[in-house]
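In: need a structure here:
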Amino acid sequence: MFNYLRFRWRRSLRRIKRGTRVWRKQIATYAGQHIWGKWRQVAVVRRFLLVWVSVLIVGLIGLTQQIQALHRATQISVPVAGGTYSEAAVGTVKILNPVLPESTLSGDINRLIFSGLTRYDARRRIAPDLAKSWEVSPDGRTYTFHLRKGVKWHDGVPFTAADVAFTLTAIQDADSRSPLASSWQGVKTDTRGDDTVIFTLPNPLTSFIDSTTLSIVPRHLLESVEPSQLREARFNQNPVGTGPFKLKTFAPSAKEISLAANPHYYAGRPQLDEFRFQLYDTPDQAIDAYAKHQVVSPGRIRPEQLGRREKLADIIDYQFSLPEETVLFFRTGDATLADKTLRQILIRSLDRKQIINRATSGQALALTQPILPGQTGYTARYALAPVDAATTKRALDEAGWRSSKPGAVRSKDGLRLDFKITTLRGGELERAAKAIARQWEPLGIKVSVQPADLTTLQQTHMRPRNFQMLLFGINVGADPDVYSFWHSSQAADPGLNLSGYTSPTADTALEAGRIKTDHQVRTGKYDTFLKAWNEDAPAAVLYETGYQYAARDQVSGIAAGRLAKPDDRFYNVASWTVKREWVEIVTLSPTPKP
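Out: Numbering: from 1, shown residues only. This next block holds a predicted model:
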């Protein structure tokens, strides 16, 4: 029985296979005769049909695009809250503590985490921050600040006047080794309740208000830390502030520091959800990160990168100005540079426009004075026009600096015009130093450029005044008080009078200028200072630097303006956005007349 059933099953399979072959053959025959055959019959019109089908497809695509365009015409792209703003930053960060400022990068991050009593606005003017208002006593020695109520630290603890007093105590304590101590020397701090702080100055100081932009740190987290151990405190890697953003991730070894929006920020929660710093070793790497869409902003665009910037798509440039001067300091105690007449000749011989073109690709403003245009006391009366090479040679000859033969180094009384310019290695300053060397060489002045990294420059050359000429940039601040850079009391470290300039006339003018509140009186005092400074020629002021910042065009809220410090570009960061969406334009119909 089993064999019979198997026989029947195999016969059925053979019939099915034969039927399938027949069926497939019939289909092929039908397709060849009725489909492919017909298609071959219309070979004459085949191309014509293909053209019309193509036209129909193109027309449908165009119609779709027109409909979309018409729809988009009734919409507008608007910024919306949310998203992450990522900025490429060059360098690294070890600590985040505004009492112990470490670098420009740490200053940027501190600005987002912490708040000061005051801050600078987009026009480099003092505006309220943690303090809602303040008064100054008639004698200019007492400043009373009234604090905002309801402000909280990121951990929820209320902010009070005691935090302000603690911050100032920490800065003034010598064991903390805060570089900000000189700005608060002799200032007494008192509190009146939780919302009033009173500063009493030993002497009137018109520029003191600028110091109140200092970020405040929390007493409840740092009061148990010994001042001498402040730099090693765990707080420095886990900072808590009152600013618009709070720390989310501190991973400099992983090249990332990210901040989250502070939902309890006194001015309202920021529009951004997160602000992230991606760390890179060089400015070119930052540019490459933007080109690869790894960041929203390449950060600061340096002069040497302007050529590459033109190749970056979807980017907007923001032109800021900074109160920074690039200065060639002469060490007036040097045997050769002690000659005031020689210093005057050297200053007049410099073609600043040529230096600017070589060093900054033209992105700077030529200067000759230590007070910036627009500041109280600035005058064009002392602006110096450069003189040509022939005039300079003649002036050197008359001053006794002569050469034995054409092209030889000039000398006088056994001293040779053979100088070293010490400056920061790489970038703008080294290029500027080399441009100066090229200008002076045909005059019989030999110059060798001695570049150094920042740490070596500061510790080995600047602090001990170990240089002949120093090319460096200084931030003179929003106020024209340049006491720190040119008063004789600041000639030794930690003062910033790098030239060692000494002048009783200049000292008296600087002392008076910084305590007077009347604009006309201050102008007169600074005019006296500028006259003495130009006659004594302790340094060659070359140019005022600019600050070019960039971000992708989807970013909104960045307001270009005049900065006191680079981190002041964040003054309105709570309003920045990185996301956009299309919304319908609402047209209001006129109200019908009755």
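In: all contacts plus neighbour counts: C-alpha atoms, from now on.
Out: Fine.
In: residue contacts, Pro252?
Out: Contacts were defined as C-alpha atoms under 8 Å, 6 or more residues apart in numbering; by that measure Pro252 touches Thr92, Val93, Lys94, Leu279.
In: out of the residues you listed, which are buried?
Out: With neighbours counted using 16 or more other C-alpha atoms under 10 Å, the contacts of Pro252 contain these buried positions: Thr92, Val93, Leu279.
In: circling back: Throw the contacts of Pro252 into CSV and include distance to Ile345, thanks.
Out: Listed next are those as CSV, based on distance: C-alpha to C-alpha, whole Å:
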residue, distance to Ile345
Thr92, 42
Val93, 43
Lys94, 45
Leu279, 44
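In: low-confidence ranges in the stretch 251-400 of the chain?
Out: With pLDDT under 70 as the threshold, the stretch 251-400 of the chain has low-confidence stretches at 309-311.
In: before we move on, the earlier item: among the contacts of Pro252, which pair sits farthest apart?
Out: When C-alpha to C-alpha is used, the two most widely separated members of the contacts of Pro252 are Lys94 and Leu279, lying 12.4 Å apart.
In: could I get the contacts of Pro252 as CSV with secondary structure?
Out: Compiled in CSV, the contacts of Pro252 are given as follows (DSSP: H, G, I helix; E, B strand; the rest coil):
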residue, secondary structure
Thr92, coil
Val93, coil
Lys94, coil
Leu279, strand
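In: wait, which of these is closest to Thr523?
Out: Using C-alpha to C-alpha, Val93 is the member of these that sits closest to Thr523, with 40.9 Å.
In: is that closest one in contact with Ser106, as I believe?
Out: Yes: taking C-alpha atoms under 8 Å as the definition, Val93 is a contact partner of Ser106 at 6.1 Å.
In: Gly561: neighbour count?
Out: 17 (other C-alpha atoms under 10 Å).
In: then Arg276?
Out: Look at Arg276: counted by other C-alpha under 10 Å, it has 22 neighbours.
In: next one: Gly150
Out: Burial of Gly150, expressed as a neighbour count using other C-alpha under 10 Å, amounts to 11.
In: relative to Thr104, how far out is it?
Out: For Gly150, the distance to Thr104 equals 31 Å [C-alpha to C-alpha, to the nearest Å].
In: Gln144 belongs to a strand, doesn't it?
Out: Actually, residue 144 is Thr. It isn't Gln. Yes: remark: Thr144 belongs to a strand, assigned using three-state DSSP.
In: nearest spatial neighbour of it, skipping sequence neighbours?
Out: Ile198 (4.5 Å; C-alpha to C-alpha, 6 or more residues apart in numbering).
In: quick one, what contacts the one you found?
Out: Applying C-alpha under 8 Å, 6+ apart, the residues near Ile198 are Thr142, Tyr143, Thr144, Phe145, Thr189, Asp190, Thr191, Arg192.
In: I'd guessed the fourth one sits against Asp194; true?
Out: No: Phe145 is beyond contact range of Asp194, at 11.4 Å (criterion: C-alpha under 8 Å).
In: which strand or helix spans His264?
Out: Per DSSP states H and E, His264 falls between elements, in no helix or strand.
In: what sits against Asp121?
Out: Applying C-alpha under 8 Å, 6+ apart, the residues near Asp121 are Ala127, Asp568, Tyr571.
In: most neighbours, which of those?
Out: Asp568 (22 neighbours).
In: that's a strand at that residue, yeah?
Out: No: counting by three-state DSSP, Asp568 falls outside a strand, being helix.
In: for Val78, give the beta-bridge partners.
Out: Glu581 (DSSP bridges).
In: ranges for the helices of the stretch 201-350 of the chain?
Out: Along the stretch 201-350 of the chain, counting by DSSP state H, counting those that start in this stretch, helices occupy 208-211, 219-222, 283-291, 306-309, 340-349.
In: which among the ones you listed is found nearest to Arg514?
Out: With C-alpha to C-alpha as the criterion, Arg514 lies closest to helix 208-211 of the helices of the stretch 201-350 of the chain, at 9.2 Å.
In: could you list the low-pLDDT ranges of this structure?
Out: For the chain, residues meeting the criterion pLDDT under 70 lie at 1-50, 52, 66-75, 309-311, 586-594.
In: which strand runs longest in it?
Out: Determined from DSSP state E, the single longest strand within the chain is strand 315-330.
In: just to revisit the earlier point, for ChimeraX, what selects the buried ones among the contacts of Ile198?
Out: Selecting the buried subset of the contacts of Ile198 in ChimeraX, with 16+ other C-alpha under 10 Å as the burial test, is done by:
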select :142,143,144,145,189,191
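In: out of the contacts of Ile198, name the two that are farthest from one another.
Out: Every pair in the contacts of Ile198 was compared (C-alpha to C-alpha); the two farthest apart turn out to be Thr142 and Arg192, at 13.9 Å.
In: got a list of what the closest residue to Ala559 other than its chain neighbours touches?
Out: Excluding the flanking residues, the one nearest Ala559 by C-alpha to C-alpha, 6+ apart is Ala122, at 6.9 Å. Listed by C-alpha under 8 Å, 6+ apart, the contact set of Ala122 reads Ala559, Ala560, Gly561, Arg562, Leu563, Asp568, Arg569, Tyr571.
In: likewise Pro158?
Out: Each residue near Pro158 by C-alpha under 8 Å, 6+ apart is listed here: Gly150, Val151, Lys152.
In: dump those into a markdown table; add distance to Ala165 and secondary structure as well.
Out: Written out in a markdown table, the entries for the contacts of Pro158 read as follows (distance: C-alpha to C-alpha, whole Å; DSSP: H, G, I helix; E, B strand; the rest coil):
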| residue | distance to Ala165 | secondary structure |
| --- | --- | --- |
| Gly150 | 18 | coil |
| Val151 | 16 | coil |
| Lys152 | 16 | strand |
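In: spit out the contact partners of the closest residue to Ala338 other than its chain neighbours.
Out: For Ala338, ignoring the flanking residues on the chain, the nearest one in space by C-alpha to C-alpha, 6+ apart is Thr332 at 5.0 Å. Contact criterion C-alpha under 8 Å, 6+ apart gives Ala338, Ser499, Gly500, Tyr501, Pro538 as the residues in contact with Thr332.
In: what distance do you get for the first one to Gln439?
Out: Plainly put, Ala338 is 22 Å away from Gln439 if you go by C-alpha to C-alpha.
In: how about the strands in the stretch 451-594 of the chain?
Out: When secondary structure is read from DSSP state E, counting those that start in this stretch, the stretch 451-594 of the chain shows strands at 469-475, 539-552, 579-584.
In: who does the closest residue in space to Asp568 that isn't next to it in sequence bridge with?
Out: Closest residue to Asp568 apart from its sequence neighbours, by C-alpha to C-alpha, 6+ apart: Tyr120 at 6.7 Å. Tyr120 forms beta bridges with Ile126, as assigned by DSSP bridges.
In: against Lys152, how distant is Tyr120?
Out: Taking C-alpha to C-alpha as the measure, Tyr120 falls 22 Å from Lys152.
In: neighbour count: these two, which is higher?
Out: Tyr120 (22 against 17).
In: do I have it right that the more buried one meets Ala564?
Out: Yes: in this structure, Tyr120 is within contact of Ala564 by C-alpha under 8 Å, at 7.2 Å.
In: and Ala286, what is it in contact with?
Out: Ala286 makes contact with Ala88, Ala89, Val90, Tyr280, Pro298, Gly299, according to C-alpha under 8 Å, 6+ apart.
In: hmm, back to that, ok so the residue nearest to Thr144 is a strand residue?
Out: Yes: secondary structure assignment places Ile198 in a strand (three-state DSSP).
In: going forward, count from 28.
Out: Sure, I'll start counting at 28 from here, so that last one is Ile225.
In: so what's it bridging to?
Out: On the basis of DSSP bridges, Ile225 is bridged to Thr171, Asp217.
In: next, work out how far apart it and Thr239 are.
Out: 12 Å.
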